[in-house]
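*Asks:* have a look at this fold, sequence not included:
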Ligand SMILES: Nc1ncnc2c1ncn2[C@@H]1O[C@H](COP(=O)(O)OP(=O)(O)OP(=O)(O)O)[C@@H](O)[C@H]1O
Ligand SMILES: Nc1ncnc2c1ncn2[C@@H]1O[C@H](COP(=O)(O)OP(=O)(O)OP(=O)(O)O)[C@@H](O)[C@H]1O
Ligand SMILES: [Mg+2]
Ligand SMILES: [Mg+2]
């Protein structure tokens, strides 16, 4: 039964994924500049000798001379087979590029979201339990300050203080080189926002649940305070929190792009930014597709998670 | 009835069915139907009140809404003063809107909280162009006075009123169009006893004054009895019994009606309920209707036949109809 | 001063040299547009150049001999690729043909195809090149852009050569490479120059953030950075970082579209030239690390000749206004609005801002549009622009600074100077050709002087200044010389004192 | 007799005019000091932005190479940048840019999103299904990725940036509006409107939508902060508003090169960015709490 | 019914809520007592403080915004308003249990029925989970849930309202409490189900001998189940009597009015022809923050005199065992 539900929910996300792939194609079509020029690897100070025929040759090679619909069909077909083309800049397979960058980004996002969830839920529950008291106010102020701090700016400050002055963490580089310490500052830079939002949602959700009859019933049974909070309150408060976590997971990407660039982490964000500056059409498309599908699947996972924790969700 | 009517009855409901599709699966294909109203027929004359009772989920509201085409009936016919309205276009329907209005159960959700209540009532008139703009205000204040509110209160917002007052406003809105029929869907269920009496009285007064007809829906038999001359008992989308009030109370035929009557708590400590009459079990889901007589599963007198054959809703005496194989 | 070491023995061996790079995306020798030091780490050419940019033998035993029809190179016979295969004439032929055939996507393909008729293997260690016609820059082209990868490896890796592996003969060998992120090279123990290199390996990473780059260097996470905004210069002071510059490495100009109706007017170009103050840019954007225009050649170049008349390329606001008024613009006339395309960020932006203000002084409204650099190039090549802020990195050849810029059909002539539809000066064309044909500056000193005067007057480019190339390194880096041209540092003899 | 006394109970306390109703609500909103603070701060920021031409001591684009990279002094209270422009003036004008872009983005997103969501929710059926699918596609692609890709496509002009930022806002507003409309649509008073015979357009726009305003306002305030951040991020990455027009993100990025040497370059624009987001987030929180106060708990 | 010492006794209970306009009194000087085995009915209109006062007994009042600002609640020798938190937890669900109004929301939707039933058993009787399950199974059978075994593993949303209310009752009865407070246990249910539940409660009370406080607004329910009745109006008790006394001869104008305002089926169906009007209580319950200074009912009372407006009547014994707070004598 659960399996059937999974299948159904997966089928439901097919149109979304088709939509994402199409959107990526359309985006790619509108990129200005000549991808063929970029494909020839001209770089910053490079002024060079490129002949017209040279460009034509590259255009043909890139398939830029075919009708749009044909380009779309072949793009779609290839994408289905996991072939997102080759970078027009260095001819590396986009799929390979993405596969290399993807784990870095996901590692960062997962670390961040779990940290944020842990902090956020604890803070939110704490806040809810002290509703209206000064502890609540302080917790809320902390969360507000958290949401309001621009991640890339925070990152600069963190780099200056913790990496440069205190020399506690590496300033730059991936997990592959420095191990987990490479994640500390990037995570800290972007975890604040989701943590704050999760805290806020946990608080209000918890407050709402705590005001429900169900909690009063549990209390009337003579259960202890923490039993009520942890066994009756929290699980029921969790659904909207999970939604927020799901959303925030996707939103984290927002901070992650700048953070990856700042910390020199070779993730999807860096990949995208490079691609944009180099007019690397195929890579831009690839990143949009992968990121889109990842988060479409995240939504799916969130839905499945619901059905696991909430028996009311129809299987 | 064997009398040839000169004038058709105000409201005729003929074998009305309203089914809601249950959508499931990837393409939202219909996997079944909620048989909310499943073949209901009755007539309602001018200046008459028909009470409609039944357990929660029996389809009372859906019936009321289907009559007004707030939900589209699946089949059957509704005639207002002899004219069938179920197949009218939106435009054509508009003309008939004036004749039949509705009063809702929940006094909190039935008034737009953002619009002064006077305007809520005025809008009803202006949509139908019932009065020139200049006069509308006057008419609204008049109506407010009639339902027991002060004219100055037309400027207030819904949240400034108590439940009973809101119901009065809802009634005023319905009255604004000068309807001949008002479908009142549990208008007093949400009110306290003391206020409930006020609203019931008001409705009775207005009926006399304007010659209204009511289809009065309630789940409280006592309230229905208070205001209605005839009472229909509904169960799982069907009428089980329909009779004059006193006939129904004294001479209930359907076992379900009997059970309902027996379940009413009696506000008299010296009288005790006849033991053993308490109905067992719950109302089944209208998604999966029982075969045969929909009541057979809970019926104390059910026989084999009840499980297979749907009893006909037939007249067993003057104005007394019942749907039971074994009674009448 | 060049490295004063008798033989190729390093004072100290070992250590990984950590540095930054900003742009490499492929390590295949035929895919790369500019001669930068990475290529010289992995690969060698037949010819090489020394610190003063003199062409010297590399994998060839000597400079080529010419029989009037072909150039013949005698190759070293003791060189092996990193994969152990032999470097020989066949390998040379293979690489050249690969480049010309366009199997790899290279901006050089067209150029080499045009210049070269064929390559012939004479014997295992002798190879001959047949040029298609005159080829004045041949030595420099060989030294800078023709490098050799192992044919075996190339055949094996296909398009992934340069990504998953890169096999040359150079002082360092490919270890790992993530484009736009990290390149790790290790010492080639069998380098043909015995005893070199000194370093165990090289790590070059991409660090986008300017501050992180600088802080990492100060902190010692990096040994050298060879590209950083000049404004960071003061930041390094007192931090134990050695900052060095290579004078006049890049020519900074405004490319002018002489097909544009307003810009076709000589007076307007002159007015603009008189409005700009290259010195101000040097002082404010380059933190003083630049040189004013006194010649069309960089100060280190053998052809460098100070122009007789410098006033045409000096700021003179009054004269500029007068010229503009003469052309019908300025007070009482029309308002001149021009669009300037520039790359975005850092110095690009700052220069644009200053230029905007300088031109505003004479009443020209300069609209600045920052775009991605690839867009700048696209627009430059398609002529779809009015003014473009452009930096030109030349080479040691005379032609780079003369014909390439001012000759019709010169590869870097994006201004339509001397071209159909643009502003033309037959005399300049003639001079540029004459200079191109010669390889000895002293021979054509007179033509150089005349060409300088002509272009300073014709203003096919708005001359801004020369920008110096900079390196910053920690004190442990020894024997590193800042190259004349950006990115040409030779790391073979560099050693780390830690 | 019965009726008049029934009336007596409530009549006096009612306040008939909309304005006084608003004033009362507003006063209630302001009863929280935090709300006062956030509203004050927001107003101040808008005022600063609006009055930038008056307040700013220098034109934002005025360079002064002789005085570049000056630390804060009385003359330049926030110092000057690499070409000697006054940071304070640029921060003020940056506020103008950030706020106006955010406001425009929100307006575009709100207007279109609310329309789409309202129609989708009210009509239901196939249209709803299709619209929601499209919304889902856009919701799956994180805002920054979409914005980056779109700006890369359209070019970094203010109009296009607003467009790029709006698209996802549209889907966000559409979702929220649709949800709210679905909720309100089910209320009896909508049925009452239909019984009266009111047209769907009128019901939707005069009766349903005004009652969905709560979540929409909350979303708008919350998104203000988001959009400002997003715009700054774009600028920070070099794909936002272009020089010489000041934008906080660009200024922070420019200051990034000289973090230790000239910290004021990124400190002040960063601080203002923070304050602005703080103001809007606080305001959003306040509005949310005000419109949707939660009950208390037993424990 | 033995009338021995009361098992639970409220004395002068006063409860306040903090609102926008300051503290308002929701329950004012409420006293009543209930004896073992007895059913005390508390009746009154919505908002008169029935629920608040019953929540106070188990100290379940949400604080803030509420607070008990006066009075005592005696259970055994203890004042429940003062005992330690741990003690009150031992009492909750063990000695005094509660059944709430909304069966749809009182159960935790994420837990199986069995687990929820086990909780109080394990907590108060220290049974192992397995034994507790066994007991839960018995309880479900006790409240006549068919197929009890199956339902132990079921979830609340799979049940109908009536079944859920039975589960709630089973949960309340889990530890055989001495007092059961039922706060409108049938209001949300259909009449037929209400009849089932009332019958069940009655039967269980007979069997288990506990005291029941039945809170309701339905006089019919009161007549059916209560032995003694407390009538509340706007936060205070206005009348108390045995159920027979009260119905035979209400002595407070409010109670009096209440009886006349409900349709009486017998009289309706005995008369032919047009329906008659009901008698109304005019106006409505005053808001908590706008209480009249005198008798709270003075704004609606048909028998109001000068004195009612100025002075608040106190509860007097108008007849043996029949108390009313009114200056007038109703005949
Ligand atoms: N729009 C709808 N879609 C699907 N099912 C519906 C819809 N409206 C009502 N139903 C179902 O139809 C049945 C009858 O509902 P209806 O509201 O008419 O009952 P009712 O007798 O008015 O009940 P109550 O006394 O609770 O108001 C119920 O099972 C309900 O769930
Ligand atoms: N959490 C609260 N905050 C503020 N006031 C409250 C709160 N809970 C109850 N009240 C007020 O206390 C008074 C008594 O409420 P209570 O719930 O006891 O009424 P009730 O008699 O049980 O009504 P009902 O029949 O509607 O359940 C009401 O006026 C109510 O407004
Ligand atoms: Mg209903
Ligand atoms: Mg209550």
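*Replies:* Everything's here; your move. Every value quoted in this text rests on a predicted model; they were computed, and no experiment measured them. Ligands and ions are numbered 1, 2, ... in the order given.

*Asks:* OK, contacts around the nearest residue to residue C:125 once chain neighbours are set aside?
*Replies:* Spatial nearest neighbour of residue C:125, chain neighbours left out: residue C:75 (4.3 Å); criterion: CB to CB, 6 or more residues apart in numbering or on different chains. Placement of C-beta: from N, CA and C, glycine included. By CB atoms under 8 Å, 6 or more residues apart in numbering or on different chains, the contact set of residue C:75 is C:46, C:59-61, C:87-89, C:92, C:125-127.

*Asks:* which ones among those are found in helices?
*Replies:* C:89, C:92 (DSSP state H).

*Asks:* mind checking the end-to-end distance for stretch D:58-70?
*Replies:* 15 Å (CA to CA, to the nearest Å).

*Asks:* what's next to that stretch, contact-wise?
*Replies:* C:231, C:280, C:283-284, C:353-354, C:356-357, D:52, D:76, D:79-86, D:89-90, D:92-93, D:244-246, D:258, D:261-262, D:265.

*Asks:* about what we covered before: for the contacts of residue C:75, give me TSV that also has distance to residue A:313 and neighbour count.
*Replies:* Formatted as TSV, the contacts of residue C:75 follow (distance: CB to CB, whole Å; neighbours: other CB atoms under 10 Å in any protein chain shown):
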residue	distance to residue A:313	neighbour count
C:46	72	26
C:59	71	22
C:60	75	23
C:61	79	14
C:87	68	23
C:88	71	22
C:89	73	20
C:92	70	24
C:125	77	20
C:126	79	17
C:127	74	26
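
*Asks:* return the closest of the contacts of residue C:75 with respect to ligand 2.
*Replies:* If you rank the contacts of residue C:75 by distance to ligand 2 using CB to the nearest ligand atom, residue C:87 comes first, at 88.1 Å.

*Asks:* hang on, the closest one packs against residue C:94?
*Replies:* No - assessed by CB atoms under 8 Å, residue C:87 is found out of contact with residue C:94, at 10.7 Å.

*Asks:* the contacts of stretch D:58-70 in helices, which ones?
*Replies:* Counted as lying in helices by DSSP H, out of the contacts of stretch D:58-70, are C:280, C:283-284, C:353-354, C:356-357, D:52, D:89-90, D:92-93, D:265.

*Asks:* list the residues that contact residue 117.
*Replies:* Just so you know, I chose chain A. Contacts of residue A:117 by CB under 8 Å, 6+ apart are A:194-195, A:198, A:245.

*Asks:* oops, wrong one, chain C.
*Replies:* Listed by CB under 8 Å, 6+ apart, the contact set of residue C:117 reads C:130-132.

*Asks:* now it. Its backbone dihedrals?
*Replies:* Torsion angles at residue C:117 (phi, psi; degrees, to the nearest 10) stand at phi -90, psi -50.

*Asks:* where does the stretch 351-498 of chain C have low pLDDT?
*Replies:* C:372-374, C:439 (pLDDT under 70).

*Asks:* repeat that with 90
*Replies:* C:351-386, C:389-426, C:428-448, C:455, C:458-461, C:467-498 (pLDDT under 90).

*Asks:* what of chain A?
*Replies:* Ranges of chain A meeting pLDDT under 90: A:1-101, A:103-105, A:107-108, A:124-186, A:188-190, A:192-194, A:196-267, A:269-315.

*Asks:* now the helices for it?
*Replies:* Using DSSP H, helices in chain A cover A:2-30, A:35-39, A:52-62, A:68-80, A:94-129, A:134-148, A:151-158, A:175-178, A:181-210, A:213-220, A:225-227, A:234-263, A:268-277, A:281-309.

*Asks:* how close does the closest residue in space to residue E:258 that isn't next to it in sequence get to residue C:91?
*Replies:* Excluding the flanking residues, the one nearest residue E:258 by CB to CB, 6+ apart is residue B:193, at 6.1 Å. Distance, residue B:193 to residue C:91, using CB to CB, to the nearest Å: 104 Å.
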